[in-house]
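Engineer: All I have is the shape, not the residue letters:
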(Lines give C-alpha, C1' and ligand atoms only; values in the text may rest on other atoms or scores of the structure.)
Protein backbone atom coordinates (compact mmCIF):
# COMPACT_ATOMS: atom_id res chain seq x y z
CA UNK A 1 0.00 0.00 0.00
CA UNK A 2 1.45 3.36 -0.99
CA UNK A 3 0.55 6.76 0.40
CA UNK A 4 -0.43 9.75 -1.71
CA UNK A 5 2.49 11.18 -3.69
CA UNK A 6 4.42 13.87 -1.83
CA UNK A 7 5.34 16.87 -4.02
CA UNK A 8 8.90 18.14 -4.03
CA UNK A 9 9.99 21.48 -2.59
CA UNK A 10 12.69 23.40 -4.44
CA UNK A 11 16.03 23.78 -2.70
CA UNK A 12 17.44 27.14 -3.73
CA UNK A 13 15.95 29.03 -6.65
CA UNK A 14 13.52 27.37 -9.06
CA UNK A 15 13.60 28.21 -12.76
CA UNK A 16 11.01 30.66 -14.08
CA UNK A 17 9.67 28.03 -16.44
CA UNK A 18 8.43 24.89 -14.72
CA UNK A 19 9.11 21.90 -16.97
CA UNK A 20 9.67 19.06 -14.46
CA UNK A 21 7.21 17.95 -11.80
CA UNK A 22 8.58 15.72 -9.07
CA UNK A 23 6.88 13.58 -6.42
CA UNK A 24 7.85 10.80 -4.02
CA UNK A 25 6.02 7.83 -2.53
CA UNK A 26 6.89 5.20 0.02
CA UNK A 27 5.05 2.27 1.56
CA UNK A 28 2.51 3.38 4.16
CA UNK A 29 3.86 1.49 7.15
CA UNK A 30 6.18 1.83 10.08
CA UNK A 31 9.80 0.70 9.95
CA UNK A 32 11.98 -1.12 12.41
CA UNK A 33 15.47 0.29 13.00
CA UNK A 34 17.72 -1.08 10.24
CA UNK A 35 14.77 -2.14 8.02
CA UNK A 36 15.14 -1.13 4.37
CA UNK A 37 12.34 0.62 2.50
CA UNK A 38 12.21 1.56 -1.18
CA UNK A 39 11.06 5.05 -2.12
CA UNK A 40 9.86 5.95 -5.59
CA UNK A 41 10.93 9.35 -6.94
CA UNK A 42 8.88 10.22 -10.01
CA UNK A 43 9.68 12.89 -12.58
CA UNK A 44 7.06 14.19 -15.00
CA UNK A 45 8.93 16.00 -17.77
CA UNK A 46 7.02 18.41 -20.02
CA UNK A 47 6.77 17.52 -23.72
CA UNK A 48 9.61 19.05 -25.76
CA UNK A 49 11.97 18.86 -22.76
CA UNK A 50 14.29 16.22 -21.30
CA UNK A 51 16.66 15.82 -18.37
CA UNK A 52 20.04 14.15 -18.63
CA UNK A 53 20.01 10.53 -17.48
CA UNK A 54 22.03 9.37 -14.47
CA UNK A 55 24.78 8.54 -16.99
CA UNK A 56 24.99 11.43 -19.47
CA UNK A 57 26.87 10.77 -22.68
CA UNK A 58 29.04 13.89 -22.49
CA UNK A 59 31.18 14.66 -19.42
CA UNK A 60 30.02 18.29 -19.11
CA UNK A 61 26.32 17.36 -18.83
CA UNK A 62 24.77 17.29 -15.36
CA UNK A 63 23.43 13.84 -14.40
CA UNK A 64 20.11 13.21 -12.67
CA UNK A 65 20.90 12.26 -9.06
CA UNK A 66 18.90 11.05 -6.05
CA UNK A 67 20.45 11.27 -2.59
CA UNK A 68 19.46 11.92 0.99
CA UNK A 69 19.50 15.58 1.99
CA UNK A 70 22.56 16.54 4.04
CA UNK A 71 22.09 16.37 7.80
CA UNK A 72 23.04 19.34 9.94
CA UNK A 73 24.85 18.14 13.04
CA UNK A 74 24.89 14.65 14.47
CA UNK A 75 24.65 11.30 12.77
CA UNK A 76 22.10 11.08 9.93
CA UNK A 77 19.05 9.01 10.99
CA UNK A 78 18.81 7.26 7.58
CA UNK A 79 21.34 5.76 5.20
CA UNK A 80 21.13 4.98 1.50
CA UNK A 81 21.29 1.29 0.62
CA UNK A 82 20.87 1.61 -3.16
CA UNK A 83 19.61 3.93 -5.89
CA UNK A 84 18.33 2.30 -9.09
CA UNK A 85 18.04 4.58 -12.11
CA UNK A 86 16.24 3.57 -15.29
CA UNK A 87 18.27 3.45 -18.48
CA UNK A 88 18.27 6.66 -20.49
CA UNK A 89 16.81 7.03 -23.97
CA UNK A 90 19.36 7.83 -26.65
CA UNK A 91 18.26 10.93 -28.59
CA UNK A 92 19.81 13.15 -31.24
CA UNK A 93 19.78 16.89 -30.48
CA UNK A 94 20.87 19.89 -32.57
CA UNK A 95 23.70 21.01 -30.28
CA UNK A 96 25.51 17.66 -29.94
CA UNK A 97 27.30 15.60 -32.57
CA UNK A 98 26.57 12.34 -30.74
CA UNK A 99 23.35 10.92 -29.31
CA UNK A 100 22.64 11.83 -25.69
CA UNK A 101 21.29 9.66 -22.86
CA UNK A 102 18.22 11.43 -21.44
CA UNK A 103 14.94 10.92 -19.63
CA UNK A 104 11.71 12.14 -21.25
CA UNK A 105 8.05 11.96 -20.18
CA UNK A 106 7.47 9.97 -16.96
CA UNK A 107 10.45 8.49 -15.11
CA UNK A 108 10.67 6.55 -11.82
CA UNK A 109 13.85 6.28 -9.78
CA UNK A 110 13.94 3.86 -6.85
CA UNK A 111 15.95 4.72 -3.74
CA UNK A 112 16.29 2.14 -0.98
CA UNK A 113 17.05 3.62 2.43
CA UNK A 114 16.93 2.43 6.01
CA UNK A 115 16.92 3.95 9.48
CA UNK A 116 20.14 3.41 11.40
CA UNK A 117 19.96 0.17 13.44
CA UNK A 118 20.49 2.15 16.66
CA UNK A 119 17.87 4.81 15.86
CA UNK A 120 15.44 5.37 18.73
CA UNK A 121 11.73 4.81 18.13
CA UNK A 122 9.65 7.80 17.08
CA UNK A 123 8.20 9.79 14.22
CA UNK A 124 10.89 10.63 11.66
CA UNK A 125 11.17 12.25 8.26
CA UNK A 126 13.12 10.78 5.33
CA UNK A 127 14.44 13.62 3.14
CA UNK A 128 15.47 12.42 -0.31
CA UNK A 129 16.33 14.93 -3.01
CA UNK A 130 16.53 14.77 -6.77
CA UNK A 131 18.81 17.02 -8.82
CA UNK A 132 18.40 17.33 -12.60
CA UNK A 133 18.92 19.74 -15.48
CA UNK A 134 16.09 20.25 -17.94
CA UNK A 135 16.92 21.03 -21.56
CA UNK A 136 15.03 21.48 -24.82
CA UNK A 137 16.51 20.97 -28.27
CA UNK A 138 17.74 24.59 -28.14
CA UNK A 139 18.57 25.53 -24.53
CA UNK A 140 19.16 24.24 -21.02
CA UNK A 141 17.74 25.66 -17.82
CA UNK A 142 19.82 25.94 -14.65
CA UNK A 143 20.01 22.69 -12.63
CA UNK A 144 17.26 22.29 -10.02
CA UNK A 145 17.01 20.28 -6.81
CA UNK A 146 13.72 19.20 -5.27
CA UNK A 147 13.51 17.75 -1.77
CA UNK A 148 10.76 15.59 -0.27
CA UNK A 149 9.67 15.22 3.35
CA UNK A 150 8.41 11.64 3.79
CA UNK A 151 7.03 10.96 7.26
CA UNK A 152 7.68 7.53 8.73
CA UNK A 153 7.30 5.91 12.15
CA UNK A 154 10.31 3.98 13.47
CA UNK A 155 9.35 1.37 16.07
CA UNK A 156 10.06 -2.16 17.23
CA UNK A 157 13.17 -4.25 17.61
CA UNK A 158 16.11 -3.51 15.30
CA UNK A 159 16.59 -5.63 12.20
CA UNK A 160 20.03 -7.22 11.99
CA UNK A 161 21.87 -5.38 9.28
CA UNK A 162 24.86 -6.82 7.45
CA UNK A 163 27.58 -4.25 7.01
CA UNK A 164 27.33 -2.46 3.70
CA UNK A 165 30.29 -3.06 1.42
CA UNK A 166 32.29 0.08 0.67
CA UNK A 167 30.75 1.92 -2.27
CA UNK A 168 32.29 1.10 -5.63
CA UNK A 169 33.98 4.10 -7.21
CA UNK A 170 31.35 5.65 -9.45
CA UNK A 171 31.51 8.89 -11.30
CA UNK A 172 28.38 8.69 -13.39
CA UNK A 173 25.74 6.77 -11.35
CA UNK A 174 24.14 3.37 -11.60
CA UNK A 175 21.77 2.31 -14.33
CA UNK A 176 19.91 -0.92 -14.17
CA UNK A 177 19.20 -2.65 -17.46
CA UNK A 178 15.50 -2.95 -18.15
CA UNK A 179 14.53 -0.12 -15.77
CA UNK A 180 12.47 -0.61 -12.66
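Structural biologist: Perfect, thanks for sending it. These numbers were taken from a predicted model, which means no experiment stands behind them.

Engineer: pLDDT below threshold where in this protein?
Structural biologist: 1-3, 94-95, 162-180 (pLDDT under 70).

Engineer: Quick check: phi and psi on the residue most central in space within the chain?
Structural biologist: With distances taken as C-alpha atoms, centre = their mean, the chain has residue 66 as the residue nearest its mean C-alpha position (2.7 Å). Residue 66 adopts backbone torsions of phi -120, psi 130, taken as degrees, to the nearest 10.

Engineer: roughly how far apart are it and residue 118?
Structural biologist: With the distance defined as C-beta to C-beta, to the nearest Å, residue 66 ends up 25 Å from residue 118. Where you see a C-beta, it was placed from the backbone N, CA and C, and this is true even at glycine.

Engineer: Equivalent analysis for residue 106, please.
Structural biologist: The value you get for residue 106 to residue 118, if C-beta to C-beta is used, is 38 Å.

Engineer: follow-up on the earlier one: residue 128 is in contact with the residue nearest to the centre of the chain, correct?
Structural biologist: Yes. Under the criterion of C-beta atoms under 8 Å, residue 66 is in contact with residue 128, at a separation of 6.0 Å.

Engineer: mind listing the helices for the chain?
Structural biologist: All residues of the chain lie outside helices when identified by DSSP state H.

Engineer: related to what we said a few turns ago, ok, the residue nearest to the centre of the chain - contacts?
Structural biologist: Contacts were defined as C-beta atoms under 8 Å, 6 or more residues apart in numbering; by that measure residue 66 touches 41, 83, 85, 109, 111, 128-130.

Engineer: need the contact list for residue 48.
Structural biologist: Residues near residue 48 by C-beta under 8 Å, 6+ apart: 136-137.

Engineer: quick one: it from residue 89, how far?
Structural biologist: With distances defined as C-beta to C-beta, the gap from residue 48 to residue 89 amounts to 14 Å.

Engineer: again, but for residue 31
Structural biologist: According to C-beta to C-beta, residue 31 and residue 89 sit 34 Å apart.

Engineer: neighbour count winner among those two?
Structural biologist: More neighbours sit around residue 31 than around the other of residue 31 and residue 89, counting by other C-beta atoms under 10 Å; the figures are 23 against 15.

Engineer: list the contacts for that one?
Structural biologist: By C-beta under 8 Å, 6+ apart, the contact set of residue 31 is 37, 114-115, 152-155.

Engineer: Please convert the buried members of these into PyMOL selection syntax.
Structural biologist: Entered in PyMOL, the line below selects the buried ones among these, by 16 or more other C-beta atoms under 10 Å:
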select buried, resi 37+114+115+152+154
